[in-house]
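This is a predicted model, with the sequence first.
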Amino acid sequence: MRRQACVILLKQIKHNDRWIPAPALFDSKGRVRRDHVRVQGGDEVHPEGGYFIEWREDGKRIKQAAGPDAFVAADLARRKQAELSAVRKGIIPAQPAPEPEPARITVAAALDRYSEYIKYHRSLRTFRTYRPILAGFKSFCAKTYVDDVERQDLLDFATDCLKKGQKGKSVYNKVVVISQVMKQHGKAKLLNTADWPSFVETVRPIYENAELEKLFKACAPHEEMRFKFYLMSGFRDAEGRFVTWRDVDFKQMAVRVTAKPHWGFHPKNWEEREVPVPQKLITMLQKFRPANTTPDDPLFPSATGRPDGAMLEKLKAVAHRGKLNCGHCAVPHKLDDGAIRINRCVEGPFCGRWFLHKFRHTYATRHLQDGIDIRTLQQWMGHRDIASTMVYLKGVRNSDIQVRINKGSLAAFA
């Protein structure tokens, strides 16, 4: 009787200055534990390196790359195990073994592979952001193979971006993306702490009460509902677009972020969540809900009934209609032919001070001011790490502190 092939999930890790394969660890429910591997019988955490699956076929050991994401790799292992089981039972014919991994991978191949991974495992917005970054480094880097890439190559790339007039934050983000690619192929921590491009860490802008009052006054009823929903839920742009009536819990006064595979939407970090909202928002939604709607209809549909993809444009249009544009900002816009057009907010709905994510900034800052603890806020906002939530502490205004400042000795000199 032929023995059933067993698919093993492994991760390439650095141990004692050597790269070795280590078995991935799973919890009691069979879920992979991100970055946890078994090394010499012990549980160790290794964020570096990528995953691969391994099995035997006709006495030969076969390996297949599975990428840097633990959950995607575990899913690939399960699918491969099911495929081998189906082959053994004669349900499907045997599949040809994958081509063996080359001993050395080229920079171009590594960048193309990472671009393809982002395309299918991240949001469309992320893919559109990463694609020109990867293409830019591909055309800039003179090295043929990844293992030849050194610290100086990344420094030269950052310098070239700065020479082209790109800002520090933009260059920093580009270096982060390229470093992720290098890390996957055993080139972690190429840059020193002092090497990273500098930029000003700004306070997250929020909408003031007066601005919100003017905005909502300029809104039609359906527009007011949209933007008040973003303000009181703290949802990201896409989360608000793809929310359906099934996601609204009228009884518990909460809204949920859930996956919508039929629309190609997956929550950021692949984690669904529930967010409590004010009772007044729930009451507004009850009045706003059309009588003939179904639970799976979007709250804010387009003219075709699908999730509205023009939320940002509608916000800027309201601001322009209400004469709320600042009047002096100019936003570069790339046309289909590659040309750059400057949209000036004195001429139309292009003001850079009005954007959807600013509602999220306002939501976070106001909740911190109102005494919501930062760990709770982290869960409501869907942040994977607490550092992402802590940036909003910079904008928090404490009325008690202001009273002390007004009564302080320095105020006497005013």
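That came through, no problem.

The closest residue to residue 270 other than its chain neighbours: neighbouring residues, count only.
Using Cβ to Cβ, 6 or more residues apart in numbering and skipping the chain neighbours, the partner closest in space to residue 270 is residue 71 (6.8 Å). C-betas here are computed from N, CA, C, even on glycine. Counted with other Cβ atoms under 10 Å, the neighbours of residue 71 add up to 13.

Distance from the host helix or strand of residue 21 to the middle of the chain?
Using DSSP states H and E, residue 21 sits within strand 18-26. From the chain centre to the centre of strand 18-26 is a distance of 27 Å (Cα atoms, centre = their mean, to the nearest Å).

Ok, stretch 185-197 next?
Taking Cα atoms, centre = their mean, one finds the center of stretch 185-197 at 22 Å from the center of the full chain.

Could you pull up the residues touching the spatially most central residue of the chain?
In the chain, the centroid-proximal residue (Cα atoms, centre = their mean) is residue 268; its distance is 5.2 Å. For residue 268, the contact set (Cβ atoms under 8 Å, 6 or more residues apart in numbering) comprises 123, 236, 239, 382.

and if you look at residue 145?
Contacts of residue 145 by Cβ under 8 Å, 6+ apart are 104, 105, 106, 107.

and of the residues you listed, the nearest to residue 400?
residue 107 (55.6 Å; Cβ to Cβ).

What distance do you get for the closest one to residue 65?
With distances taken as Cβ to Cβ, to the nearest Å, residue 107 is found 17 Å from residue 65.

what pairs with the strand holding residue 21, and is each one parallel or antiparallel?
Here strand 18-26 is paired, per DSSP bridges, with strand 8-15 (antiparallel), strand 32-39 (antiparallel).

Would you confirm that residue 374 contacts residue 388?
No - in this structure residue 374 lies outside contact range of residue 388 using Cβ atoms under 8 Å: 10.7 Å.

per-domain residue ranges of this structure.
8-88, 107-195, 209-362 (automatic domain parsing).

got those domains as TSV, with distance to residue 378 columns?
Listed next are these as TSV, based on distance: least, Cβ to Cβ, whole Å:
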stretch	distance to residue 378
domain 8-88	18
domain 107-195	21
domain 209-362	10
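
among those, which is nearest residue 399?
Shortest separation from residue 399 across the domains of the chain is recorded for domain 209-362, at 14.1 Å, computed as Cβ to Cβ.

Now the terminal residues of the closest one, how far apart.
Distance between the two ends of domain 209-362: 10 Å, counting by Cα to Cα, to the nearest Å.

Okay, now the unreliable bits of this structure?
1-5, 95-103 (pLDDT under 70).

Let's see that with 50 instead.
The model of the chain has pLDDT under 50 over residues 1-2.

Would you mark the buried spots in the helix or strand where residue 138 lies?
Under the criterion of DSSP H and E, residue 138 resides in helix 124-140. Across helix 124-140, burial judged by 16 or more other Cβ atoms under 10 Å covers 127, 130, 133, 134, 136, 137.

Skip ahead from that helix and say which helix or strand is next.
Downstream of helix 124-140, the next assigned helix or strand under DSSP H and E is helix 151-163.

Which elements pack onto that following helix?
If you count contacts as 3 or more Cβ pairs under 8 Å, 6 or more residues apart in numbering; DSSP states H and E, helix 151-163 packs onto helix 124-140, helix 168-184.

who touches it?
For helix 151-163, contacts defined as Cβ under 8 Å, 6+ apart pick out 136-137, 140-143, 168, 170-171, 174-175, 178-179, 182, 190-192, 195, 197.

Stretch 216-223 too?
224, 227, 228, 288, 314, 318, 319, 321, 322, 324.

any idea which of those is closest to residue 276?
For those, the residue nearest residue 276 by Cβ to Cβ is residue 228; the value is 15.6 Å.

OK, contacts around that closest one?
Listed by Cβ under 8 Å, 6+ apart, the contact partners of residue 228 are 216, 281, 284.

try it again with 7 Å
Counting by Cβ atoms under 7 Å, 6 or more residues apart in numbering, residue 228 touches 281, 284.

what about the strands in the stretch 151-300 of the chain?
Under the criterion DSSP state E, counting those that start in this stretch, strands of the stretch 151-300 of the chain are mapped to 248-249, 254-257, 273-276.

Just name the most buried of these.
Highest mean neighbour count of the strands of the stretch 151-300 of the chain: strand 254-257, a mean of 21 (counted as mean count of other Cβ atoms under 10 Å).

Tabulate the CA atom coordinates of that one in CSV.
Coordinates of the C-alpha atoms in strand 254-257 are reproduced here as CSV (Å, rounded to 0.1, in the frame of the first residue of the first chain):
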residue,chain,number,x,y,z
ALA,A,254,-22.5,48.6,16.3
VAL,A,255,-21.2,48.2,12.8
ARG,A,256,-18.9,45.5,11.5
VAL,A,257,-16.1,45.3,9.0
